[in-house]
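J.: Task: produce atomic coordinates for the following.
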Amino acid sequence: MSKKHPEGLFVIPPAQTDHIERKMFDISYVTPSPNGEVSPAQKLDLYWPAEGEGPFPVIISIHGGAFMIGDKRDIQLTPMLAGLKRGFAVASINYRMSGEAIFPALVHDVKAAIRWVRANAAQFLFDPDKIAVWGGSAGGYLALMAGVSAGIPELDDLSLGNPEQSARVQAVVDWFGPTDFLKMDAQLEASGFPQTPKSAHNGPNSPESLILGQQITQIPEVVQAANPETYIRPSLPPFLIQHGDQDDTVPYQQSVNMAAKLSAVLGLDKVTLEILPNARHGDPAFAHPHNVAKVLNFLDGVFSS
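T.: Okay, here's the model as predicted:
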């Protein structure tokens, strides 16, 4: 169970990785700036299946935590590690959060990590043509952003490294990620979860306001720039989106609307939406082996087509 941090934030327990034989920790995925600075957050961990020399398709795991907490090695990684037994390599990444930098820095980081994976595919036994992103909550948001924003200049910072590589991914798995920040409070209220001044997403100290650098009600143009719906266009990869209908943190309508807009452009065959009945935010139902197998089946289907 999560414990409270002295500052009031939850500390997320670690994933169990001792049993994994082939792994590497704390690899920087960026090129140092001219003054040699690299954020401690711009690192990733790598895990490989117990046998084989690849090339392995890659799951890039993106942790959640309200854009302010969480870590690449915490328990949120556990479902992704199930992919090892199905022949996937896993790259679990950290990124700059709201205590360090504001949007779009975190998106820049995720895409720099994708480029690093592709640039180093031969050395690390990766298949550069089979890269999936998978995350929950804030990590789900970042998976969506990675999926929709390949080739969008303002959502890339090529100075972070490997500018010759594409940041395109071949599959996206989003678990209960937010999308349209300004609609969240009204949607939660419509579902019977009215927000208090302290919990309101529209508040000045909400996770969304902190990651965008200002109260979101004051910067609608930035909110639009941060909304993955803004970048929906043809030729995007397949998406699997799952959300619980009793989510009292990120309203399930966020995923319903995102999936509808994706389907309208990409076609129903490239977008799978599942609303899990009675599931709350971060519900154990998502990480249940049956559901994880469903996600891995989705990825297998994408990569085998």
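J.: tally of neighbours for the residue nearest to Gly65 when sequence neighbours are not counted?
T.: Counting by Cβ to Cβ, 6 or more residues apart in numbering, Ala138 is the residue found nearest to Gly65 once chain neighbours are left out, at 5.9 Å. Placement of C-beta: from N, CA and C, glycine included. Look at Ala138: counted by other Cβ atoms under 10 Å, it has 27 neighbours.
J.: now Gln224
T.: Residues near Gln224, counting by other Cβ under 10 Å: 13.
J.: The one 10 residues further on now?
T.: Counted with other Cβ under 10 Å, the neighbours of Pro234 add up to 7.
J.: I figured it hits Lys270, correct?
T.: No - here Pro234 lies out of contact with Lys270, judged by Cβ atoms under 8 Å, at a distance of 10.1 Å.
J.: list the buried ones in the host helix or strand of Ile27?
T.: Using DSSP states H and E, Ile27 sits in strand 23-28. The neighbour-count check on strand 23-28 (16 or more other Cβ atoms under 10 Å) flags Ile27 as buried.
J.: contacting residues around the residue nearest to Gly65?
T.: Contacts for Ala138 (Cβ atoms under 8 Å, 6 or more residues apart in numbering) come out as His63, Gly64, Gly65, Ala66, Phe67, Gly70, Gly177, Pro178, Pro207.
J.: In ChimeraX, how would I select just the buried ones from those residues?
T.: Here is the ChimeraX selection string for the buried members of the contacts of Ala138, based on 16+ other Cβ under 10 Å:
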select :63,64,65,66,67,70,177,178,207
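J.: mind putting the contacts of Ala138 in CSV, secondary structure, distance to Ala41 and pLDDT included?
T.: Formatted as CSV, the contacts of Ala138 follow (DSSP: H, G, I helix; E, B strand; the rest coil; distance: Cβ to Cβ, whole Å; pLDDT from 0 to 100):
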residue, secondary structure, distance to Ala41, pLDDT
His63, coil, 11, 98
Gly64, coil, 15, 98
Gly65, coil, 12, 97
Ala66, coil, 15, 98
Phe67, coil, 12, 98
Gly70, coil, 11, 97
Gly177, coil, 19, 98
Pro178, coil, 20, 98
Pro207, helix, 16, 98
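J.: Among the contacts of Ala138, which one sits closest to Asn278?
T.: Distance to Asn278, by Cβ to Cβ, is smallest for Gly177 among the contacts of Ala138, at 19.5 Å.
J.: For the closest one, which non-adjacent residue is closest in space?
T.: In space, Gly177 is closest to Gly140, 2.5 Å off (Cβ to Cβ, 6+ apart).
J.: What's the separation between the one you found and Ile27?
T.: Distance, Gly140 to Ile27, by Cβ to Cβ, to the nearest Å: 24 Å.
J.: now do Asn297
T.: Asn297 is 29 Å from Ile27, by Cβ to Cβ.
J.: can you check Gly244 too?
T.: With distances taken as Cβ to Cβ, Gly244 is found 34 Å from Ile27.
J.: To which secondary structure element is Gly151 assigned?
T.: Going by DSSP H and E, Gly151 is not in any helix or strand.
J.: Nearest the geometric middle of this protein, what residue?
T.: Gly139 (2.9 Å; Cα atoms, centre = their mean).
J.: What is the burial count for the nearest residue to it once chain neighbours are set aside?
T.: Excluding the flanking residues, the one nearest Gly139 by Cβ to Cβ, 6+ apart is Ile62, at 3.8 Å. The local packing of Ile62 (other Cβ under 10 Å) involves 35 other residues.
J.: One more: the one 10 residues further on?
T.: Neighbouring residues of Lys72 were enumerated by other Cβ under 10 Å; the total is 21.
J.: secondary structure class for the nearest residue to it once chain neighbours are set aside?
T.: When the adjacent residues along the chain are set aside, Lys72 lies closest to Ser92, with 4.1 Å between them (Cβ to Cβ, 6+ apart). Look at Ser92: counting by DSSP: H, G, I helix; E, B strand; the rest coil, its state is strand.
J.: give me the beta-bridge partners of Ser92?
T.: In this entry, Ser92 is beta-bridged to Asp45, Ser61, by DSSP bridges.
J.: who touches it in this structure?
T.: Neighbours of Ser92 in contact, by Cβ under 8 Å, 6+ apart: Leu44, Asp45, Leu46, Tyr47, Ile60, Ser61, His63, Lys72, Arg73, Leu77, Met80.
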